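Chemist: model this:
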Amino acid sequence: MLARSLARPLAHSLTRTLVAGDGPSFSPLDLAPFAWYDASQETSLYDATTGGTVTALTGTVRRWEDLSGNARHLTQAGATSAPTLTNTSNLRGVLFDGVDDAIGRAATATTLPCTVYCCWSPITHTINDSIWDFGTSGARQIFRQVGSSQMAVNGAAFCGRAPLAIPTHAAHKTATGTISARLNRGAFVSATQTSSNGTVIQIASTGGTSNFGHVRMHEMLIISGLQTDETDAKVAAYFERKWGMTRPRLMVDGNSLSSGGVSLPVADVWPTILAPEIPSWDVVNWAVSGQNINSMAADAALEFGRQPIPTRGKNVLVAWECVNQLSSGASANGAAAAAAMKTYCQARQAEGYHVICLTMLPTNAVSEATFNACNTALRDTPSTYCNALVDIAADTTIGLWGSQSNLTYYNADALHLTAAGQLIVKDAIKAAVLSA
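Modeler: Numbering: from 1, shown residues only. Model (predicted):
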């Protein structure tokens with residue numbers, strides 16, 4: 001099963017021929033969906049499981065009708081467990097409270113494989129919160145939140161973080177035999193999945209009884225069979241255009257210095273504290289604790305290379321990682337680690353990103369000679385591999401060798417930054433982003 005990002009950013013300097021479906025004439029009905037739920041369609045939401053009247057704003061949704069023509073409507077029998085209809089920033093959505101709200105149906109009787117596309121907004125993040133559930137109790141396909149804002153399919157966590165800006169969207173492909181998962185260009189994992197007929201559809205819960213998600217669902221599209229990249233692009237363009245995902249976007253890739261969660265809460269890491277300072281941007285953090293450049297490149301090979309969709313005016317990628325590349329032995333020396341980072345950045349530029357790269361901070365995980373060699377190589381003609389180099393290693397407070405012993409800015413591990421250190425990084429990156 002595969003969950004993949006559907007946001008295909010476009011650098012302002014890049015043009016392409018639009019694929020079929022990019023234009024306004026595209027409709028999900030063109031794909032002969034198994035089921036389709038769309039909160040923007042007022043007459044598909046009702047205040048009763050049968051009959052009733054169209055749900056008014058802030059009213060409860062007891063029935064969400066299937067627009068595919070297959071009458072696979074979702075219902076909620078309990079009035080107190082019904083979600084509510086909202087309109088936030090002129091975007092209609094069905095809001096689930098994360099306590100007991102759910103809506104769904106049984107006996108859908110479709111066989112795997114299938115593809116589920118959804119456009120949703122995370123409101124709060126709690127471990128095991130369900131976004132949607134599709135399958136049987138013995139082999140259900142659950143798309144849920146886990147860990148430090150990670151996503152998971154069943155028990156297989158993957159390292160794409162939930163975006164700080166909403167709404168987002170993802171495709172989830174279910175196939176017999178294997179689970180593989182991607183969201184917002186996160187990492188790839190695989191595990192075993194039992195073959196099964198899908199017999200339930202639930203939004204914001206597992207089986208309608210547990211793991212209630214605090215989310216707002218805008219649209220959900222289920223199609224029989226594994227869909228092609230071209231179909232993914234059609235649906236992505238449709239979602240981006242329809243749900244207003246046209247703002248400039250800042251992508252973050254790297255290690256725990258950007259992901260947080262190691263010696264520092266995610267709330268204090270630089271992408272999180274930068275986001276409210278650039279409110280006109282969407283900020284998406286793909287950084288993963290322990291990730292090295294090789295794993296970043298492997299993720300990119302799976303998802304970054306997809307052709308962007310021309311809805312974003314600016315697409316900026318901040319790439320920051322060398323220490324894990326060296327400490328893991330993936331690169332033998334500082335120059336080799338820098339070369340790997342340059343290759344990674346060049347590949348992202350080729351895809352249309354405005355790339356901002358950072359030099360390496362001092363750490364006891366490597367020698368001073370290795371630290372100097374890596375940064376010397378990164379400072380050598382940065383215009384050949386990135387659009388801007390943020391030379392954080394030249395900062396006199398946190399960047400010079402020996403700074404890692406300053407406990408005001410570094411943790412005792414002489415590797416991870418404190419909140420005060422993260423503020424310095426945030427300010428340096430913010431200047432580069434606003435100049436992009």
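
Chemist: CA atoms for contacts and neighbours, from now on please.
Modeler: Noted.

Chemist: Low-confidence ranges, the stretch 51-200 of the chain, go.
Modeler: 107-114, 122, 125-127, 134-199 (pLDDT under 70).

Chemist: try 80
Modeler: Along the stretch 51-200 of the chain, the parts satisfying pLDDT under 80 run over 88-90, 106-200.

Chemist: can you count the residues close to residue 382?
Modeler: Residue 382: 16 surrounding residues under other Cα atoms under 10 Å.

Chemist: all helices of the stretch 301-436 of the chain, in order?
Modeler: With helices called from DSSP state H, counting those that start in this stretch, the stretch 301-436 of the chain shows them at 323-327, 334-350, 368-379, 419-434.

Chemist: Redo the ones you listed as JSON lines? Include mean pLDDT.
Modeler: Shown next, in JSON lines, are these (pLDDT from 0 to 100):
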{"stretch": "helix 323-327", "mean pLDDT": "97"}
{"stretch": "helix 334-350", "mean pLDDT": "96"}
{"stretch": "helix 368-379", "mean pLDDT": "98"}
{"stretch": "helix 419-434", "mean pLDDT": "97"}
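
Chemist: Would you mind giving the domain segments of this structure?
Modeler: As assigned by automatic domain parsing, the chain contains the domains 2-242, 249-434.

Chemist: Residue 48 contacts residue 63, doesn't it?
Modeler: Yes. Residue 48 lies in contact with residue 63 (Cα atoms under 8 Å); the separation is 6.0 Å.

Chemist: Which one's more surrounded, those two?
Modeler: residue 63 (26 against 21).

Chemist: Which phi and psi values does the residue nearest to the more buried one when sequence neighbours are not counted adopt?
Modeler: In this structure, residue 63 finds its nearest non-sequential neighbour in residue 75, 4.4 Å apart by Cα to Cα, 6 or more residues apart in numbering. Phi and psi for residue 75, reported as degrees, to the nearest 10, are phi -140, psi 160.

Chemist: what about residue 75, neighbour count?
Modeler: Residues lying near residue 75 (other Cα under 10 Å) number 24.

Chemist: mind listing what it touches?
Modeler: Residue 75 makes contacts with 49, 62, 63, 64, 103, 104, 105, as judged by Cα atoms under 8 Å, 6 or more residues apart in numbering.

Chemist: what's across from residue 106 in the sheet?
Modeler: Note on residue 106: beta-bridge partners residue 200, judged by DSSP bridges.

Chemist: I figured it was touching residue 133, is that so?
Modeler: No. Assessed by Cα under 8 Å, residue 106 is found out of contact with residue 133, at 11.2 Å.

Chemist: all strands of the stretch 151-300 of the chain, in order?
Modeler: Secondary structure of the stretch 151-300 of the chain (DSSP state E, counting those that start in this stretch): strands at 156-161, 168-174, 179-181, 190-191, 197-203, 215-224, 249-254, 282-285.

Chemist: The residue lying closest to residue 217 once chain neighbours are set aside - how many residues pack around it?
Modeler: Nearest residue to residue 217, sequence neighbours excluded (Cα to Cα, 6+ apart): residue 120, at 4.4 Å. Per other Cα under 10 Å, the neighbour tally for residue 120 reads 22.

Chemist: Where does the residue of the chain positioned farthest from its centre fall, secondary structure wise?
Modeler: Centroid-distance maximum for the chain: residue 51 at 37.8 Å, with Cα atoms, centre = their mean. If you go by DSSP states H and E, residue 51 is not part of any helix or strand.

Chemist: for it, what are its contacts?
Modeler: Residue 51 touches nothing, counting by Cα under 8 Å, 6+ apart.

Chemist: returning to what we had before: buried only: go through the contacts of residue 75 for me.
Modeler: Buried members of the contacts of residue 75, scored by 16 or more other Cα atoms under 10 Å, are 49, 62, 63, 64, 103, 104, 105.

Chemist: From residue 391, how far out is the residue nearest to residue 217?
Modeler: Counting by Cα to Cα, to the nearest Å, the gap from residue 120 to residue 391 is 37 Å.

Chemist: cool, residue 427 as well?
Modeler: Relative to residue 391, residue 427 is positioned 12 Å away (Cα to Cα).

Chemist: Those two - which one has more neighbours?
Modeler: A count of neighbours by other Cα under 10 Å puts residue 391 above the other of residue 427 and residue 391, at 18 against 14.

Chemist: any idea of the pLDDT on the residue nearest to the more buried one when sequence neighbours are not counted?
Modeler: Of all residues not flanking residue 391 in the chain, residue 359 sits nearest, at 5.2 Å (Cα to Cα, 6+ apart). In this model, residue 359 is scored at 98, pLDDT.
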